[in-house]
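Peer 1: Just to be clear, the model below is a prediction. Sequence and coordinates:
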Amino acid sequence: MKYTFKTFSCGAGDCIFFVIKDEDHTISIMVDCGQYKPEIGDFIENELGGKIDYLIATHIDNDHIDGLVTMLRQNKEISIKHILYNCYQRITGNFCDWSEQMKENVKNIYCELPVVVDMINQNINEKKAVTLAECILENESWAKVWQREYITDESSPIILDHNMGKIVFLSPSNDALDKLDVKYRKLFWQNLYKQKIEDFKKEETIYEALMRIAELNEMEETEEYISSKEINRTTLKRYAEEPLLKMSENNVASIAFVWEYQNHKVLFMGDADPSQVATAIRKNYPNEEKPILFDLIKVSHHGSAHSTSKELIKVADSEMYFFTGGSGKAPSLQTLGRIITTDLPDDVQYREIRYNKPNKLLKKLVELSDEEKDMLNFKIKKSENSYEVSC
Ligand SMILES: [Zn+2]
């Protein structure tokens, strides 16, 4: 058996495929898509035969969802077996129709969503703002496979078919989802001009639209722009010590999970909160020596300053760190500092850093001499977006 971890560069956001194969079977997991690029479509078509076993949208943020909206709008034929996406998940209850006034208000909300332009079919004029929830619900075969129960750190693991390992969920906590619910009720009141008492038909669409627009208007606490600093052990150590800033409520509600098979483990952080994940790892693997050595860690939140803590590295470390997406400020000196300057676990000689969106700081790391990199026990590879392991 072997697995391939593959990322696509798609702007600031994430787009990750995890494909497990043996001689007879393939299981494919797609995690997020910030921007749908033709090469992503080619990969699904040619490498996966148009089939995705698990589509996971980690959380409601535009840089994780916009591309999924485009993908589902343009490829109605994609076969998806399971959809894991925490939106407004209600299993039972009476669902009310939208009143005319509500329809009007929702239409206005939709106008604020980023437009999806159908580039592949050259329909430049066909701009349409839609939600991922709507794309899924409109297609009967996808609607059927959208898991209605919320994914949380208390969800049962998913045992993959053909003895291909399991998925263990580490985030979000129920508390994080409750906070989003409070935020939603407030947004509902503000934008729809009525108190949310009952549940509505297709309320998922309203929920996602309101949450995504709120994100557009929210700015996370700003991080100091530090790419002009000289990179050496002292600066890395200094920034590693900086306190963590608060993460947005949407990010704290991000799904994070481990794929595990025998002694192999891969950590998918999404944009999750490091203390939540550290706690969940301690709870799920109480008897394993810490840090647990993962085959690979997909670093949280594009490597921003507040998304990787020393506490997390003490329980979860790896020889292979993947950064996906990002901006001028992410990956950050704080997160890179924490990863690079933490003492190496026994039997580990170095840590390797891979990324798919360069920024000034990463370029500086690449430009360090081999000797300097050796002294800091790290390697760095640019544009190496794929990693394959035989198990
Ligand atoms: Zn993100």
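Peer 2: In hand now; what should we look at? Residues are numbered from 1 along each chain as shown.

Peer 1: which helices and strands does the longest helix anywhere in the chain pack with?
Peer 2: Taking residue count as the measure and DSSP state H as the definition, the longest helix of the chain comes out as helix 174-192. Here helix 174-192 touches helix 100-111, helix 203-217, helix 249-252, going by 3 or more CB pairs under 8 Å, 6 or more residues apart in numbering; DSSP states H and E. Bear in mind the C-beta positions are built from the backbone N, C-alpha and C, glycine included.

Peer 1: Return the residues in contact with the nearest residue to Q262 once chain neighbours are set aside.
Peer 2: Computed as CB to CB, 6 or more residues apart in numbering, the closest residue to Q262 that is not its neighbour in sequence is C391, at 6.5 Å. By CB atoms under 8 Å, 6 or more residues apart in numbering, the contact list for C391 reads 1-3, 261-262, 264.

Peer 1: Turn the residues you listed into TSV, columns for secondary structure.
Peer 2: Written out in TSV, the entries for those read as follows (DSSP: H, G, I helix; E, B strand; the rest coil):
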residue	secondary structure
M1	coil
K2	strand
Y3	strand
Y261	strand
Q262	coil
H264	strand
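
Peer 1: Separate out the buried members of those.
Peer 2: Neighbour counting with 16 or more other CB atoms under 10 Å marks 1, 3, 261, 264 as buried within the contacts of C391.

Peer 1: Tell me the one of the residues you listed nearest the ion?
Peer 2: Proximity to the ion was ranked across the buried ones among the contacts of C391 by CB to the ion; first place goes to Y3, at 23.5 Å.

Peer 1: quick one: pLDDT of the residue lying closest to the closest one once chain neighbours are set aside?
Peer 2: Spatial nearest neighbour of Y3, chain neighbours left out: I20 (4.6 Å); criterion: CB to CB, 6+ apart. Reading off the confidence values, I20 has pLDDT 98.

Peer 1: Where does pLDDT dip in this protein?
Peer 2: Within the chain, the segments meeting pLDDT under 70 span 116-129, 219-228.

Peer 1: how about the residues of it near the ion?
Peer 2: Counting by CB under 5 Å from the ion, the residues of the chain lying close to the ion are 63, 271.

Peer 1: related to what we said a few turns ago, separation between the residue nearest to Q262 and D295?
Peer 2: Distance of C391 to D295, computed by CB to CB, to the nearest Å: 9 Å.

Peer 1: which residues are common contacts for those two?
Peer 2: Shared between the contact lists of C391 and D295 (criterion: CB under 8 Å, 6+ apart) are residues H264.
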